[in-house]
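Chemist: Quick one, fold the following:
(one chain, ligands or ions: 2)
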Amino acid sequence: MGMCETCHAGCCRSYAIPINGADVIRLERKSGLTFWEFACRWADPQGEIAGNYAPHFHFQDEPQTPFVICLRQVESKTHPGTQCCQFLQEGERTQEHPLGVSRCGMYQGRPAACRVFPTKYDVQNELPILHTIPEYGRTEQAPAYKLCPRQWAKEDVDPLAVAHELMIARYEVGFFKRIAEVWNRSPRPWELFPAFLRDVYARRIGTQEEIEQAEEAARRKQTPGTIKLYQPDQEKRDAA
Ligand code: SF4
Ligand code: SF4
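Modeler: Ligands and ions are numbered 1, 2, ... in the order given. Below is the predicted model of the structure:
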């Protein structure tokens with residue numbers, strides 16, 4: 001994306017970036033960091049971070065507070081007093097580039113929310129469209145939080161890549177919302193969350209026999225919002 005190549009990356013500074021479970025697994029693999037080193041939970045009582053995109057999770061220590069799972073932010077090195085994503089590699093501010101040129105240090109493993117920006121689905125949830133980009137990404141109008149130097153045009157994006165990324169994001173976020181439904185039925189401690197995620201995602205693939213067992217178990221339980229997972233030891237789990 002050409003416009004980004006000379007940008008200070010106001011988008012990576014302005015927004016709390018929601019991550020889904022697949023993002024977590026991919027980031028753990030690509031970065032070599034643990035969940036606790038790149039993820040955090042942001043209290044989101046007004047729903048502004050989640051928007052129509054991310055699910056809310058509740059945890060045992062604060063069951064009334066809705067949280068969104070996000071990337072951690074750190075203090076900017078080149079724009080003191082402002083925040084940025086911890087994966088942002090900040091370039092020095094120069095005469096030619098007064099805000100610096102910054103790049104994603106986790107480009108191959110970046111979360112779905114970063115991959116699809118600045119696109120989203122239309123209201124019918126079918127066709128990709130471009131966001132209208134505001135001048136600043138935060139109400140605090142610091143230069144670091146300035147966004148794109150101009151509005152995005154169709155010619156700036158690859159329609160095939162955009163459609164592909166949006167489709168994956170929709171699938172993964174949909175799956176993550178079902179995980180949230182299950183977790184929120186009996187919120188557990190925040191400390192247990194990454195282990196729970198790893199367990200769920202490890203059981204997304206299995207054999208035909210296992211899926212039939214899982215479907216049969218779900219039918220017997222008739223639990224709304226059940227995540228379809230491969231559970232070879234389902235009978236033992238049910239008996240427990
Ligand atoms: S992961 Fe990369 S693209 Fe996403 S906010 Fe962080 S630095 Fe920006
Ligand atoms: S603020 Fe706009 S131009 Fe700059 S990196 Fe983000 S998407 Fe690209």
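Chemist: Is the longest helix anywhere in the chain positioned near ligand 1?
Modeler: In the chain, assigned by DSSP state H, the helix with the most residues is helix 159-185. No. Counting by CB under 6 Å from any ligand atom, ligand 1 has no neighbours in helix 159-185; the shortest distance is 12.5 Å. Backbone N, C-alpha and C define where each C-beta goes, glycine included.
Chemist: for that helix, which positions count as buried?
Modeler: Applying a neighbour-count criterion of 16 or more other CB atoms under 10 Å, one finds Val162, Glu165, Leu166, Ala169, Glu172, Val173, Phe175, Phe176, Ile179, Ala180, Trp183, Asn184 buried in helix 159-185.
Chemist: can you give me the mean pLDDT across that helix?
Modeler: Mean pLDDT, helix 159-185: 96.
Chemist: what's the helix or strand hosting Glu210 packed up against?
Modeler: Element membership of Glu210 [criterion: DSSP states H and E] is helix 208-221. Counting contacts by 3 or more CB pairs under 8 Å, 6 or more residues apart in numbering; DSSP states H and E, helix 208-221 packs against helix 234-239.
Chemist: Am I right that His131 is in contact with Tyr121?
Modeler: No. Taking contacts as CB atoms under 8 Å, His131 lies outside contact range of Tyr121: 11.2 Å.
Chemist: out of those two, which sits in the busier spot?
Modeler: More crowded of His131 and Tyr121, by other CB atoms under 10 Å: Tyr121, with 17 against 14.
Chemist: The more buried one against Val162, yeah?
Modeler: No. Tyr121 is beyond contact range of Val162, at 10.4 Å (criterion: CB under 8 Å).
Chemist: Spit out the residues that contact those two alike.
Modeler: Counting by CB atoms under 8 Å, 6 or more residues apart in numbering, the common neighbours of Tyr121 and Val162 are Pro128.
Chemist: domain ranges for the protein?
Modeler: According to automatic domain parsing, the chain is divided into the following domains: 2-174, 206-240.
Chemist: hey, least reliable of those by pLDDT?
Modeler: If you rank those by mean pLDDT, domain 206-240 sits at the bottom with a mean of 65.
Chemist: My read is that Asp44 contacts Val68, right?
Modeler: Yes. Counting by CB under 8 Å, Asp44 does reach Val68; the two are 4.8 Å apart.
Chemist: Could you pull out the residues contacting both of these two?
Modeler: Taking CB under 8 Å, 6+ apart as the criterion, Asp44 and Val68 both touch Ala50, His56.
Chemist: the more surrounded of these two?
Modeler: Ranked by neighbour count (other CB under 10 Å), Asp44 and Val68 place Val68 first, with 24 against 20.
Chemist: From Tyr145, how far out is that one?
Modeler: From Val68 across to Tyr145, the span is 19 Å (CB to CB, to the nearest Å).
Chemist: related to what we said a few turns ago, of all the residues in the helix holding Glu210, which ones are buried?
Modeler: Buried residues in helix 208-221 (16+ other CB under 10 Å): Glu210, Gln213, Ala214, Ala217, Ala218.
Chemist: For Asp23, state which of these is nearest.
Modeler: Using CB to CB, Ala214 comes nearest to Asp23 of the buried residues of helix 208-221, at 24.2 Å.
Chemist: on that earlier part again, switch the buried residues of helix 159-185 over to TSV; also include distance to Ile19.
Modeler: Below are the buried residues of helix 159-185 laid out as TSV (distance: CB to CB, whole Å):
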residue	distance to Ile19
Val162	20
Glu165	15
Leu166	17
Ala169	11
Glu172	10
Val173	10
Phe175	13
Phe176	9
Ile179	13
Ala180	13
Trp183	15
Asn184	17
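Chemist: what are the C-alpha coordinates of the lengthiest strand in the chain, in CSV please?
Modeler: In the chain, taking DSSP state E as the definition, the longest strand is strand 62-71. Taking C-alpha atoms only, strand 62-71 is exported to CSV below (Å, rounded to 0.1, in the frame of the first residue of the first chain):
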residue,chain,number,x,y,z
GLU,A,62,-14.8,-7.7,37.3
PRO,A,63,-17.8,-9.6,36.1
GLN,A,64,-19.8,-6.5,35.3
THR,A,65,-17.1,-4.9,33.1
PRO,A,66,-17.1,-5.8,29.3
PHE,A,67,-13.5,-6.1,28.0
VAL,A,68,-12.1,-6.3,24.5
ILE,A,69,-8.9,-8.3,23.9
CYS,A,70,-6.4,-5.9,22.3
LEU,A,71,-2.8,-5.5,21.4
